[in-house]
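# below: sequence and its predicted model.
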Amino acid sequence: MRDVAVVATAQHQVAALTGTTEVQLMVPLLNAVRDAIGLTQADIGFTCSGSSDFLAGQAFSFVHTLDAVGSVPPICESHVEMDGAFALYEAWVKIQTGAADTALVYGYGKSSPGSLRDVLALQLDPYYVAPLWPTADAVAALQARLLLESGVSGAGELAEIAVRSMRHAVGSPHAVRSSADVTVADVLAEAPVADPLRPSDIAAEADGGCAVVLAAGDLARGLCERPAWIRGIDHRIDAHGLGVRDLTRSPSAAAAAVGAGAGDDRLDFAELHGLYTSQEAILVRELDLDDDLLVNPSGGALAGNTTMAAGLMRIAEAAARISAGEGDRALAHATSGPCLQQNLVCVLEGE
Amino acid sequence: MSDPDVPPSALSGDVTLPAVLRDVEPVRSVRTPIRLEYSVTAGSAAEAYLRAYAEKRIVGHRSPVDGAVFIPPRGVDPRYGQETAEEVELAHTGHVGSFCVTHLPIPGRSDLVPPYVSAWIHLDGSAIGFLGLVAGCANEDVRIGMRVRAVWKPDGELGPTSESILHWEPTGEPDVPFERAGNRAWRAGGPDGRDGRQERGDA
Amino acid sequence: MSGERIAVLGVGQTKYRSTRGDVSIAGLVREAAYRALEDAQLGWGDIDAVVIGKAPDFFEGVMMPELYLADALGCVGKPMLRVHTAGSVGGSTALVAASLVQARIHRRVLTLGFEKQSESNATWALSLPQPFSVSANAGAGGYFSPIIRQYMARSGAPDLIGCMVAFKDRQNALLNPYAHLHQHDLTFEKVVESPMLWDPIRYSETCPSSDGACAMVLGDEVAGDAATGPVAWVHGTAMRSEANNFPGRDEVNPLASRDCAADVFRQAGITDPRTQVDVVEVYVPFSWYEPMWLESLGFAEPDNGWRMVEDGSTSLDGGDLPVNASGGVLSSNPIGASGMIRFAEAAMQVRGMAGEHQVDGARTALGHAYGGGAQYFAMWVVGSEKP
């Protein structure tokens, strides 16, 4: 396997982008991430992005965003209809084939134009479940309810996760929801939105984008003083049917962590893409993270969730911290689908 | 090659129903209407361009890289991923870069009676074309290189929308030669494109 | 190509029809997947990962259907990816799957492209205007017809070349039991007399809208050597993209297409495509794209691709470079699968498994797919021998 590292990252995330199209959003991010390491688009071996037509409300929506990259002369480029974290995986694979030494990866999404919780209902089985239009929050609440009633997690634990996210998010330029002084009692006093989930249990919706550059071996060392090496990356998917699996577990997250070698050495922190406090609680257990591990120093996706980019942003956050010397080894996680159905784990390490 | 009408062996067995379902009529399909609403933003670049229509003006963006003018403006030069911000007012005349005669109705446009001409309009001064309708002559008379001008809605009906232009009609001027029509104009302008701004049919 | 050798161990398709009302989306993909596994003489347990691809989710009204299909495709506990590169997606999906084997991440990968367009409304999904722009386009044909008109003007091709391509492909489809359109009574005159849709494209020169799925099992060299049946070996893979509207763009013969072809032929050691490639499966949804792509891919000189149509060079019956022996996209078009069908048909040809539409002695074949505003390209070269 070739050594591949994250050598540059750029993000933008706000509650809602009202006067900006996805193309306008991505132009400065893509330029920033190339400029940071002195590369032009012609220097990039492979470009890959993640986004969703249903999120944008337009078929072929990603075609317009290609305008932000600069594709004259033509580029080697692909796209997944998934979170940008999976585009990063495809780019990592491309570099492993030897067909490229650098890759530009981006993910983006604007959920503000539509109703995210209704759009996500269309991810569900189209014959049996989607016609019932359960909102994304209601589906997550099923999982949260099972979790609480199993006794594995308590309401207080979930509220603590919410508080920790908000406090960590203070000072994070990309966080949409933060608070230095919110308490567990404050959270428990909130009226549930989808019982047992309260507003602070649910990721703060956001619009935004993220761009990352990957590079191999000595090229990475030449581009960046302290590259964040991808020591392991793996992803798995669980069964789709909500009644077919134990929603208090996420075997795919556990398997991805093992596949990525997360437990091979000590971790300094983890960035998790749980979109609900209940999901973060499940992930901490499935990923076998120590109780005292620093989780989501950025606030995590709970502090700002850009659909189709939140997973890539976890990788970007972890990589940026490692490059800045704020840790040596980290786990970044991305998820897709209802109730943690599909999960990707990326283990990053500074040299 | 296996027979397409014979299912794969793994799928060819009979399904055994539980007794309680054996006389029940199977559901063969379900109709599940889906409705989602989106409030889409035009974005700052397109917004200025749309508002200009209400003032009977056509506005594009000039690329900072080589001066190419884009219409409609999207705030980026797609060749380089560079932001464009400089507004440029364009003439209401241009030529047909290419076209087709469409015999199908467009969903949502009951005002359009087929056959109608869908054409790539290359405005004087712009470096790319955009899709529009050509009318005001027989469909058979439309040709690549034909000079056209905008036909606007009456002043009182103008609005911040490209629909303020009803269609494009022939001006009667001599055609732009094929070699200089459409995207060929930019290529004909010179190796670095800097002289590629279209001229009116005659040079 | 660096890395592990890649073998096509099995191919599976569904009969393409306008509506597969007898199966759910899951049923459709399983049918293709099972046929591919049977062809490869493998089971679900032999598959390490699944890569699926399809065009816009609006075609079925299901967002990110890989989530719903994980169970149906035996992917529980395994890696699943879903590619979307517009019309070229079937091809780029195969390329992503090939990369996984090439990089030695997985040993055997199931890859599948599908579309169940009957579930939603394909014309509506293809005609959605960009917000704030004039709706002046009815379907994909309205986009490509002006490009074709420019090709006709600059090449001086006779008017009926497109009809010749359409008739050829529909005749070829009669030899492909999986093809959607089996027009036994079609004559060349009927093609010419069919109604104009987007002048110069007639109804009979236009691809159908189909439900269908196409799957392949890709494996590494050990898997290829162990196969009891014939395998195809991948000699080159390439993809290129360009913006669809920029100053000076040659939309008739896009540079992205030429660059992609040059890359894939270079990897495969092909310096003279016309003599070194035996059979070609190119993405031709509207008839005139056959001569246009022949030129772009380097099989014909610029402005001369139409001569290969006219003189029968691309005919299955006696041509030296049969194009779309399967009937092509003109005969079957489940959009998300169409690119993969091209790649799979190329593989079937060099495996000698194309049945009645087999090109005798085919040993080297090109699979090609394009998408978007003729801006996304995915290609592979396969051969009966190892590279």
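In hand now; what should we look at?
# which residues of the chain fall in strands?
Using chain A. Under the criterion DSSP state E, chain A contains strands at A:4-14, A:46-50, A:77-80, A:102-109, A:205-216, A:228-237, A:269-271, A:294-295, A:305-306, A:329-336, A:342-349.
# can you look at chain C instead?
Using DSSP E, strands in chain C cover C:7-13, C:49-53, C:80-83, C:108-116, C:196-199, C:201-202, C:211-219, C:232-241, C:279-281, C:364-371, C:376-383.
# the fourth one pairs with which strands, and in what direction?
So the one you mean is strand C:108-116. Taking DSSP bridges as the criterion, strand C:108-116 sits next to strand C:49-53 (parallel), strand C:211-219 (antiparallel) in its sheet.
# and the angle from the last one to strand C:7-13?
I take that to be strand C:211-219. Here strand C:211-219 runs at an angle of 160 degrees relative to strand C:7-13 (axes from the mean of the first three to the mean of the last three CA atoms, to 10 degrees).
# quick one: strand C:211-219 to chain centroid distance?
Put simply, strand C:211-219 sits 12 Å off its chain's centre (CA atoms, centre = their mean, to the nearest Å).
# extract the C-alpha set from that strand and format it as CSV.
Below are the C-alpha coordinates for strand C:211-219, written out as CSV (Å, rounded to 0.1, in the frame of the first residue of the first chain):
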residue,chain,number,x,y,z
ASP,C,211,-35.8,-0.7,-17.3
GLY,C,212,-32.8,-2.9,-16.7
ALA,C,213,-29.6,-3.9,-14.9
CYS,C,214,-26.2,-5.1,-16.0
ALA,C,215,-23.7,-6.6,-13.7
MET,C,216,-20.1,-7.9,-13.9
VAL,C,217,-17.9,-9.8,-11.5
LEU,C,218,-14.3,-8.5,-11.6
GLY,C,219,-11.5,-10.5,-10.1
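# same list (the strands of chain C) but as JSON lines, adding mean pLDDT.
Below are those laid out as JSON lines (pLDDT from 0 to 100):
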{"stretch": "strand C:7-13", "mean pLDDT": "98"}
{"stretch": "strand C:49-53", "mean pLDDT": "98"}
{"stretch": "strand C:80-83", "mean pLDDT": "98"}
{"stretch": "strand C:108-116", "mean pLDDT": "97"}
{"stretch": "strand C:196-199", "mean pLDDT": "95"}
{"stretch": "strand C:201-202", "mean pLDDT": "97"}
{"stretch": "strand C:211-219", "mean pLDDT": "98"}
{"stretch": "strand C:232-241", "mean pLDDT": "98"}
{"stretch": "strand C:279-281", "mean pLDDT": "98"}
{"stretch": "strand C:364-371", "mean pLDDT": "98"}
{"stretch": "strand C:376-383", "mean pLDDT": "98"}
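# can you redo these as TSV with distance to A:E280?
(Each C-beta comes from the backbone N, C-alpha and C, glycine too.) Shown next, in TSV, are the strands of chain C (distance: least, CB to CB, whole Å):
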stretch	distance to A:E280
strand C:7-13	41
strand C:49-53	27
strand C:80-83	23
strand C:108-116	32
strand C:196-199	53
strand C:201-202	54
strand C:211-219	37
strand C:232-241	37
strand C:279-281	48
strand C:364-371	38
strand C:376-383	38
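# can you lay out the ones you listed as JSON lines showing distance to C:F59 and mean neighbour count?
As requested, these are exported to JSON lines (distance: least, CB to CB, whole Å; neighbours: other CB atoms under 10 Å in any protein chain shown):
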{"stretch": "strand C:7-13", "distance to C:F59": "18", "mean neighbour count": "28"}
{"stretch": "strand C:49-53", "distance to C:F59": "13", "mean neighbour count": "28"}
{"stretch": "strand C:80-83", "distance to C:F59": "14", "mean neighbour count": "27"}
{"stretch": "strand C:108-116", "distance to C:F59": "6", "mean neighbour count": "30"}
{"stretch": "strand C:196-199", "distance to C:F59": "20", "mean neighbour count": "22"}
{"stretch": "strand C:201-202", "distance to C:F59": "22", "mean neighbour count": "24"}
{"stretch": "strand C:211-219", "distance to C:F59": "10", "mean neighbour count": "31"}
{"stretch": "strand C:232-241", "distance to C:F59": "21", "mean neighbour count": "26"}
{"stretch": "strand C:279-281", "distance to C:F59": "22", "mean neighbour count": "28"}
{"stretch": "strand C:364-371", "distance to C:F59": "14", "mean neighbour count": "28"}
{"stretch": "strand C:376-383", "distance to C:F59": "17", "mean neighbour count": "30"}
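# kindly reformat the strands paired with strand C:108-116 as a markdown table containing distance to A:K94.
What follows is these, written out as a markdown table (distance: least, CB to CB, whole Å):
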| stretch | distance to A:K94 |
| --- | --- |
| strand C:49-53 | 13 |
| strand C:211-219 | 16 |
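# against chain B, how distant is the spatially most central residue of chain A?
Centrality entry for chain A: nearest residue to the mean C-alpha point is A:G311, 1.1 Å, by CA atoms, centre = their mean. For A:G311, the distance to chain B equals 23 Å [CB to the nearest CB, to the nearest Å].
# name the SS class of the residue most central in space within chain B, please.
Nearest residue to the geometric centre of chain B (CA atoms, centre = their mean): B:L131, 3.6 Å. Classification of B:L131 by DSSP: H, G, I helix; E, B strand; the rest coil places it in strand.
# OK, contacts around the nearest residue to it once chain neighbours are set aside?
Once flanking residues are discounted, B:L131 sits nearest to C:A136: 4.7 Å by CB to CB, 6 or more residues apart in numbering or on different chains. Residues near C:A136 by CB atoms under 8 Å, 6 or more residues apart in numbering or on different chains: B:I106, B:S118, B:L131, B:G132, B:L133, C:G142.
# what helices or strands is the longest strand along chain B leaning on?
What stands out as the longest strand in chain B, according to DSSP E, is strand B:93-102. Packing partners of strand B:93-102 (3 or more CB pairs under 8 Å, 6 or more residues apart in numbering or on different chains; DSSP states H and E): strand B:116-123, strand B:147-152, helix C:140-155, strand C:196-199.
# if we go to 10 Å?
strand B:116-123, strand B:130-134, strand B:147-152, strand B:165-170, helix B:184-188, helix C:140-155, strand C:196-199 (3 or more CB pairs under 10 Å, 6 or more residues apart in numbering or on different chains; DSSP states H and E).
# name every strand pairing with the last one and say which way it goes.
By that I understand strand C:196-199. strand B:93-102 (antiparallel), strand C:201-202 (antiparallel).
# excluding its backbone neighbours, what's nearest the residue sitting furthest away from the middle of chain C?
The outermost residue of chain C relative to its centre, with distances by CA atoms, centre = their mean, is C:F132 at 32.6 Å. Distances taken as CB to CB, 6+ apart place B:A42 nearest to C:F132, at 4.9 Å, with adjacent residues excluded.
# pull the contacting residues for the one you found.
Listed by CB atoms under 10 Å, 6 or more residues apart in numbering or on different chains, the contact partners of B:A42 are A:G19, A:T21, B:A48, B:Y49, B:L50, B:R51, B:P72, B:R74, B:P160, C:P131, C:F132, C:S133.
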